[in-house]
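Colleague: Kindly return the folded structure for what I paste below:
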Amino acid sequence: MEIGLPSQPNPAIGPMPYRKYDKGVKVIVVKLCVRGKTLAEINCTTGLKISDDSLCRWMNLYENTRQVVCDLALYEQPGRPLAFSRDEAEFVLTALDKNPTLYLDEIQSHVEAMTGT
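Modeller: Residues are numbered from 1 along each chain as shown. Coordinates of the predicted model:
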């Protein structure tokens, strides 16, 4: 089965909402696809309505990694790195509880004195 680019969504209907599938379902679907089943046959067999987009994503991941589900442990933490550690954050919050009128430069001086950085 050739998996091409998904067709464009109907603007009157809008994009299909994201649906989360269990890892076991993904494994079964990918195995069926590898064995040559069409998406219609897979949906009939499983009783699901898996989209072209989902099947394409799963097959691309399988073809590139031989995995059906991404291993989140292999990815870096998303977002910006923390400005300071949890201990430093706790220190700052405690200092602000004791003196809510501290200025940012005073807080920074206290953190630098505490950590030496």
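Colleague: I'd like to know which helix or strand in the protein has the lowest mean pLDDT.
Modeller: Every helix and strand of the chain was ranked by mean pLDDT, DSSP states H and E. The lowest is helix 104-115, at a mean of 82.
Colleague: For it, which outside residues touch it?
Modeller: Residues from elsewhere that reach helix 104-115 (C-beta atoms under 8 Å, 6 or more residues apart in numbering): 84, 88, 91, 92, 95, 96, 102. C-beta: built from backbone N, CA, C; applies to glycine.
Colleague: Buried only: go through the residues you listed for me.
Modeller: Buried residues within those, defined by neighbour count using 16 or more other C-beta atoms under 10 Å: 88, 91, 92, 95.
Colleague: So which of those belong to helices?
Modeller: Judged by DSSP state H, the buried ones among the contacts of helix 104-115 include 88, 91, 92, 95 as members of helices.
Colleague: how about the contacts of helix 104-115 in CSV, adding distance to residue 66 and pLDDT?
Modeller: Formatted as CSV, the contacts of helix 104-115 follow (distance: C-beta to C-beta, whole Å; pLDDT from 0 to 100):
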residue, distance to residue 66, pLDDT
84, 40, 74
88, 42, 82
91, 46, 84
92, 46, 85
95, 51, 86
96, 50, 89
102, 54, 87
